[in-house]
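Peer 1: next comes the sequence, and after it the predicted model I'd like to discuss.
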Amino acid sequence: VSFGAVWCLVASHQTRETLTYAITTPTGVSPMSLDTTASLCDVTTGDEAANDSPEPARGGEQPSVDGAESVTDAAVSPLPDPDRSEELPSEDEQELPSEDEQEQYRMRMAKLARQRPVEEEKQPSQFRRRIVGVAIIFLGLVLLSFLWAGYRAYDAYSNLQDAAAKVGELQAQVDDLKTVDPDIADVTLAQLQQFSGDAVSAVEDPIYRFWTLSPWLGANLDAVSEVAHTVDDLSVKVMPGLVQVVRILDPAKLAPVDGAINLAPIEQAAPVLVGADQAVRDALERMQAIDRGHLLDRVNGAIDELIGKLGTAGDVTALGKRATTLIPPMMGAGGPRTYLLVFQNLAELRATGGIFGSYLLVTADHGRISIADQEAASRSLGPFNPPISSGDPEIEAFYSDVIGRYPTSVNFSPDYPTAASLFQQMYTQQTGSSVDGVIATDPVALSYLLGATDGVDLGGGLRLDKSTAVKLLLSDVYQMFDADNGQAERDRFLEMATGKAFSAVMTKVSDPAAALAGMSKAYDERRILMWSAHPEEQAELVQTKLAGALETTADDPAEVGVFLNDGTGAKLDYYLRGSVAVSPGACGQMVVDVQLTSKVPTTGLSKYVLGLQLGGAPYVARTNVVIAAPAGGAVLQAKKDGDPAGLGTGTDHGRQVSAITVDLQPGQTVNLQFAITLGTGANPTFTPSGTIQPTVNLTPMAAPWKLAIEDLPACQAAAE
């Protein structure tokens with residue numbers, strides 16, 4: 001149809017040229033014979049042209065003057081045939097049109113002149129209608145594609161929500177594989193992969209991908225696509241490995257048997273966890289690389305949530321990777337290792353827990369652990385004169401040189417690598433033997449592990465188990481063996497008790513899952529600390545809580561420490577209770593409230609428990625409270641029971657540390673309040689532009705701390 005319309009336009013132009021030629025040419029071909037093109041156009045343009053054609057004259061009647069009837073076919077002379085061989089008649093022989101024919105011709109031309117403007121006016125109108133129709137169709141297709149892209153985005157979002165739910169289910173099932181059929185985890189994993197795969201299919205739709213090219217909207221669709229691909233990668237590359245690792249690291253397979261730990265499952269799990277950790281790190285970098293300048297709040301929120309979950313998952317995979325790569329060599333897979341296993345006495349507090357009391361020298365050879373020696377640190381190692389140097393003059397200036405003089409004072413600093421290194425040097429200088437590391441624990445952690453055993457019979461009606469260990473080792477023993485007549489007997493009793501407890505944990509574990517849970521709890525509470533004399537191993541340990549390190553460039557701008565050092569020279573800290581509350585302060589600051597309460601009885605304690613009585617009276621507990629500001633932050637002021645209080649200030653591993661001394665009467669409570677600025681840590685340009693969750697590191701005590709931590713809101717003033 002379009003081709004016919006174009007032909008009509010061309011034909012009309014030709015007709016005009018023909019008419020002009022006929023009018024200006026008095027002789028030659030009959031002008032009527034050249035009008036057939038116009039007739040052809042009238043025919044091809046449809047009914048309208050056909051209706052305008054004049055009817056042929058009837059019975060030889062002449063057409064009317066107004067041209068209502070058309071010229072008869074007989075009146076139109078045919079064109080000369082160029083193929084005819086006969087000679088055309090000469091100009092004189094040619095017959096001229098009659099006057100009637102000329103009149104008919106003029107009438108015909110007049111009618112054509114009247115009709116042509118109307119026909120010409122109709123052509124643009126039809127063209128406009130066609131353009132409008134095409135535009136409507138185009139816009140309709142655009143709208144449909146937009147709606148389809150929106151549907152696919154909703155489809156991806158719904159599948160991602162379902163995938164998130166399955167991740168939660170899978171985590172719970174993995175944590176409880178000891179009681180749940182492992183096949184259930186496989187079913188949940190398959191469902192997770194189905195949802196994540198459907199989300200990827202939605203964002204890979206060609207129409208969806210087309211709309212990602214659009215401004216503003218495209219950025220949001222691209223972000224959803226990145227989230228979908230990231231979740232799918234995790235479900236395919238990470239989660240199957242973690243399910244496999246949980247099966248490999250079955251607590252029943254890891255439980256010590258005849259004093260030896262099976263290292264094979266740990267070595268088997270190591271490469272899987274290394275790969276999983278790298279995949280999580282890659283996913284986190286992918287999410288952090290998204291340009292979020294033009295994203296909707298809901299999309300931004302989803303990305304923030306995923307980044308948070310990836311960070312948590314990264315902490316788990318990193319710890320698993322380090323554990324499975326460090327444990328085999330540290331347990332003697334490559335040759336025998338020797339360690340000092342120190343028991344921190346929580347009845348006399350030090351920043352890392354308690355004084356380094358009795359210790360064991362243990363050997364580890366291909367997973368088999370045995371006791372080589374056992375001593376009391378205070379009576380077998382010190383004191384040292386001159387003191388051993390910590391290598392940090394600022395530490396010695398703040399805590400004094402006692403940290404290098406007495407084995408029981410090496411951990412006045414909350415930095416465990418400093419304390420362990422000093423203790424190792426003291427042992428080597430005194431015995432001439434070197435060790436591969438120092439491991440510290442306490443009676444509370446021991447009680448967690450004893451919960452996986454049937455307990456230990458100590459004789460004389462005494463039993464050491466999860467419910468009796470803390471009280472027996474931190475309080476009762478001092479009533480049973482007073483300093484005046486029982487120091488040697490107390491040492492022998494403690495050696496016997498700790499030795500039997502160690503043997504039970506290594507050989508008589510009846511509930512491996514409970515033992516693993518106990519170790520995890522002790523780890524979270526900083527009751528198990530480890531230092532390696534091998535630099536490459538220590539570099540990995542320092543990235544975990546096991547190191548107990550006070551980092552100079554910590555990544556957490558709100559990481560604060562509340563540490564306690566006994567100042568009484570006694571064993572009264574078994575009765576100490578504490579709580580810490582962190583709340584927002586001025587912009588870029590936080591307020592840390594510390595409450596200490598003494599539960600010391602007013603009578604009945606032995607002389608050894610009352611100790612040196614440096615608090616001024618027999619039952620008064622003196623405690624030095626040390627606040628470690630965040631890396632790059634500072635303690636601005638302190639209050640004691642609402643009144644301004646003075647602080648002693650120094651530096652420990654580049655962190656500002658401030659100390660205040662409190663004396664507690666039996667039953668007394670003291671409230672301390674500190675205003676602390678946030679730190680810059682590893683990021684010197686840090687400003688608190690987003691919500692921050694503070695982290696509090698504490699000295700482990702016999703009784704657990706009570707914690708209340710509020711998030712710190714975003715503010716702008718600190719950025720100026």
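Peer 2: Perfect, thanks for sending it.
Peer 1: switch to C-alpha atoms for all contacts and neighbour counts from now on
Peer 2: Noted.
Peer 1: now do the helix or strand harbouring R106, average pLDDT.
Peer 2: R106 is part of helix 99-175, with elements assigned from DSSP states H and E. Confidence over helix 99-175, taken as the mean pLDDT, stands at 79.
Peer 1: so who does the residue lying closest to A376 once chain neighbours are set aside touch?
Peer 2: With sequence-adjacent residues excluded and distances taken as Cα to Cα, 6 or more residues apart in numbering, A376 is closest to S358, at 4.0 Å. Under the criterion of Cα atoms under 8 Å, 6 or more residues apart in numbering, the neighbours of S358 are V342, F343, Q344, Q374, E375, A376, A377, S378, L494, E495.
Peer 1: my guess is T695 contacts D555. True?
Peer 2: No - assessed by Cα atoms under 8 Å, T695 is found out of contact with D555, at 11.1 Å.
Peer 1: ok, and for the helix or strand hosting D315, which residues are buried?
Peer 2: Using DSSP H and E, D315 maps to helix 297-330. By neighbour count on 16 or more other Cα atoms under 10 Å, the buried set for helix 297-330 is 299-300, 302-303, 306-307, 310-311, 313-315, 317-326, 328-330.
Peer 1: that helix vs helix 99-175, what angle?
Peer 2: 40 degrees (axes from the mean of the first three to the mean of the last three Cα atoms, to 10 degrees).
Peer 1: so S583: helix, strand or coil?
Peer 2: Applying DSSP: H, G, I helix; E, B strand; the rest coil to S583 yields a three-state assignment of strand.
Peer 1: ok, it to R577 distance?
Peer 2: Here the distance between S583 and R577 works out to 21 Å (Cα to Cα, to the nearest Å).
Peer 1: what ranges do the helices span in the stretch 201-350 of the chain?
Peer 2: 206-211, 217-233, 239-248, 251-254, 264-288, 297-330 (DSSP state H, counting those that start in this stretch).
Peer 1: turn those helices into a markdown table, columns for mean pLDDT and distance to F138.
Peer 2: Supplementary listing: the helices of the stretch 201-350 of the chain in a markdown table, determined by pLDDT from 0 to 100; distance: least, Cα to Cα, whole Å:
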| stretch | mean pLDDT | distance to F138 |
| --- | --- | --- |
| helix 206-211 | 89 | 15 |
| helix 217-233 | 89 | 20 |
| helix 239-248 | 83 | 46 |
| helix 251-254 | 78 | 65 |
| helix 264-288 | 90 | 36 |
| helix 297-330 | 87 | 30 |
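Peer 1: possible to save these as JSON lines with distance to M107?
Peer 2: JSON lines is the format used below for the helices of the stretch 201-350 of the chain (distance: least, Cα to Cα, whole Å):
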{"stretch": "helix 206-211", "distance to M107": "62"}
{"stretch": "helix 217-233", "distance to M107": "66"}
{"stretch": "helix 239-248", "distance to M107": "93"}
{"stretch": "helix 251-254", "distance to M107": "112"}
{"stretch": "helix 264-288", "distance to M107": "83"}
{"stretch": "helix 297-330", "distance to M107": "77"}
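Peer 1: between those, which one is nearest to I137?
Peer 2: Among those, helix 206-211 comes nearest to I137, with 17.4 Å by Cα to Cα.
Peer 1: show me how far the closest one is from its chain's centre.
Peer 2: 28 Å (Cα atoms, centre = their mean, to the nearest Å).
Peer 1: now do stretch 310-319
Peer 2: Between the centre of stretch 310-319 and the centre of its chain there are 8 Å (Cα atoms, centre = their mean).
Peer 1: one more: stretch 610-625?
Peer 2: The answer for stretch 610-625 is 47 Å, by Cα atoms, centre = their mean.
Peer 1: and stretch 401-418, by the same measure?
Peer 2: 37 Å.
Peer 1: list the buried residues in it.
Peer 2: By neighbour count, and taking 16+ other Cα under 10 Å as the criterion, the buried residues in stretch 401-418 are 401-418.
Peer 1: check stretch 575-588 too.
Peer 2: With burial defined by 16+ other Cα under 10 Å, the residues of stretch 575-588 counted as buried are Y575, L576, R577, G578, V580, A581, V582, S583, P584, C587, G588.
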